[in-house]
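Student: Build me a model from this:
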Amino acid sequence: MASGNLNILVIGAGMYVCGKGTSGFGTVFPAICEWSKLHGIPEHLYLAATSNDSVETANEKLGALNQLLGTDVRFRAFPEKGQADDPGCYHLALKEIPRPACAILVVPDHLHYQIAMDCLRSGVHVLVVKPLTASVPEARRLIETQQETGLYGAVEFHKRFDRANLKLKEAVASGAIGRPLYFVVEYSQRKRVPSEIFRNWVHDTNIFQYLGVHYVDIIYFVTGARPRRVMAKGQDGWLKQNGIDAYDAVHGVIEWEDPAGETFLSFILTNWIDPDKTTAMSDQQIKLVGTRGRIESNQKNRGLQLVTDEYGVEDINPDFCQTYPTASGGTGYRGYGIDSIHTFLSDVNEVETGNVSPAELEHERPTFQNALISTMVVETVNRSLKKNGAWIDINPISLEKEEPIS
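Tutor: Residues are numbered from 1 along each chain as shown. I've put the predicted structure just below:
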């Protein structure tokens, strides 16, 4: 199968897909446009949204993006023009899209399980934004269905492609910092994320589940360790005062056991009530202290700062998803956000051509099976929150089916 013949269904039409609610274009649409430059325009591109307004916004964003990049990517929309708004219109898209096909799910956390399951049962490979699910039973059912169908399922943990995190992994693997003792992660976003962009569904998640899960996966990816017990505390304040039933901040402590049987701790501190005038959408940093050294990574301050009359001071992450001049005089997108989606599309092509099996990707990618660790932590964090910060053990038996990472 030629790369250009890959049929793609995008489910969701929000900020990460097309930049809805922002001045940008998100990550998914730029990745697909760049894919079209490299491999040819997808034979069929579908977009399943929940409303005509969302489709119209996505169409406008894609049109402007095509003009910027010199591409000609278009989609067939569900709901189609004139049809009623319908949160379940992705079902019709799944019936219409020719096989082989893949779906990129960018929907609220609580919808991941059912939509991913429907995609698998329709014979479609799936990429899900993090977290895979919020519960282990749901994750296990998805894994079983993915394995039964022979399809490929992955989670869009793009931070695994960040060169800073790859250096972190290298430092651990080489033994340069000795045995890990503890990680400290601080990760936060602006108030407008829960109060405006995600206001309709923020009560169905929390900031640790939505954002902190990225660094749960990174700690697992870097160390190969397994979580043994978890405690978490939530803090109320600004959001509830503004009529939003969600924690301002959630902090988790995780005890891990590494492959050598040694234990270490991680402290993951998350909030989404940063001032809207802060210099970046996300403020994030990770520190690892070991017996022979430490490594600290400020993943907001990458050393590139822009000051303008229109936006004030901005700390720009040049590595995630940014435009750059191309050698031909045009504009292109680069970054680990693009790499993550391109890797999935390439993997689907390799699976479809028989060059690799989904099972062979278990050791190399954030597959559904691989994402079970982060789901276990998310589920246990949520249980601890309900028990006012009690330590909750993760049964080692529940980890037995998990495949090790390389």
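Student: okay, CA-based contacts and neighbour counts for the rest of this
Tutor: Will do.
Student: what sits against the nearest residue to Thr279 once chain neighbours are set aside?
Tutor: Taking C-alpha to C-alpha, 6 or more residues apart in numbering, and ignoring the residues beside it in sequence, Thr279 has Glu314 as its nearest neighbour in space, at 4.5 Å. Taking C-alpha atoms under 8 Å, 6 or more residues apart in numbering, we find Glu314 in contact with 279-280, 305-307.
Student: so can I have CSV of these showing pLDDT, distance to Thr22 and secondary structure?
Tutor: Shown next, in CSV, are these (pLDDT from 0 to 100; distance: C-alpha to C-alpha, whole Å; DSSP: H, G, I helix; E, B strand; the rest coil):
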residue, pLDDT, distance to Thr22, secondary structure
Thr279, 97, 15, coil
Ala280, 96, 13, coil
Gln305, 97, 19, strand
Leu306, 97, 18, strand
Val307, 97, 18, strand
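Student: Make JSON lines out of those residues and add neighbour count and distance to Gly26.
Tutor: Below are the contacts of Glu314 laid out as JSON lines (neighbours: other C-alpha atoms under 10 Å; distance: C-alpha to C-alpha, whole Å):
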{"residue": "Thr279", "neighbour count": "20", "distance to Gly26": "18"}
{"residue": "Ala280", "neighbour count": "19", "distance to Gly26": "15"}
{"residue": "Gln305", "neighbour count": "12", "distance to Gly26": "20"}
{"residue": "Leu306", "neighbour count": "11", "distance to Gly26": "19"}
{"residue": "Val307", "neighbour count": "11", "distance to Gly26": "22"}
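Student: Contacts for the host helix or strand of Glu379 next, please.
Tutor: Taking DSSP states H and E as the criterion, Glu379 maps to helix 372-386. Contact with helix 372-386 is made by 131-136, 139-140, 208-209, 213, 216-217, 220, 226-227, 230-234, 252, 390-392, 394, 399, 402, as judged by C-alpha under 8 Å, 6+ apart.
Student: Output it as CSV - backbone C-alpha positions only.
Tutor: What follows is helix 372-386, C-alpha atoms only, in CSV (Å, rounded to 0.1, in the frame of the first residue of the first chain):
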residue,chain,number,x,y,z
LEU,A,372,-1.6,0.3,30.8
ILE,A,373,1.0,1.5,33.4
SER,A,374,-0.1,5.1,33.1
THR,A,375,-3.8,4.1,33.2
MET,A,376,-3.1,2.2,36.4
VAL,A,377,-1.6,5.3,38.0
VAL,A,378,-4.4,7.5,36.9
GLU,A,379,-7.0,5.1,38.2
THR,A,380,-5.2,4.9,41.5
VAL,A,381,-4.7,8.7,41.8
ASN,A,382,-8.5,9.1,41.4
ARG,A,383,-9.1,6.4,44.1
SER,A,384,-6.7,8.2,46.5
LEU,A,385,-8.4,11.6,45.8
LYS,A,386,-11.7,10.0,46.9
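Student: Going forward, the N-terminal residue is numbered 269.
Tutor: Got it, the first residue is 269 from now on, which makes the last one we talked about helix 640-654.
Student: What is the subsequent helix or strand relative to it?
Tutor: With elements assigned by DSSP H and E, the helix or strand that comes after helix 640-654 is strand 660-661.
Student: tell me what that next one is packed against?
Tutor: Counting contacts by 3 or more C-alpha pairs under 8 Å, 6 or more residues apart in numbering; DSSP states H and E, strand 660-661 is packed against strand 494-503, helix 640-654.
Student: So for Gly280, which of the ones you listed sits nearest?
Tutor: In terms of C-alpha to C-alpha, the element of those nearest to Gly280 is helix 640-654, at 21.6 Å.
Student: Pull the distance from the closest one to the chain's centre.
Tutor: 17 Å (C-alpha atoms, centre = their mean, to the nearest Å).
Student: Show the pLDDT at Lys669.
Tutor: Predicted confidence (pLDDT) for Lys669: 48.
Student: To clarify, my last question referred to Pro310.
Tutor: We have a pLDDT of 75 for Pro310.
Student: Ala352 now?
Tutor: Ala352 is assigned 88 on the pLDDT scale.
Student: Near it, how many other residues are there?
Tutor: Look at Ala352: counted by other C-alpha atoms under 10 Å, it has 13 neighbours.
Student: Same question for the one 3 residues further on.
Tutor: By the other C-alpha under 10 Å criterion, the neighbourhood of Pro355 contains 14 residues.
Student: and the gap between the residue nearest to it when sequence neighbours are not counted and Leu373?
Tutor: Closest residue in space to Pro355, ignoring its immediate chain neighbours: Thr318 at 4.3 Å, by C-alpha to C-alpha, 6+ apart. The gap separating Thr318 from Leu373 is 13 Å, by C-alpha to C-alpha, to the nearest Å.
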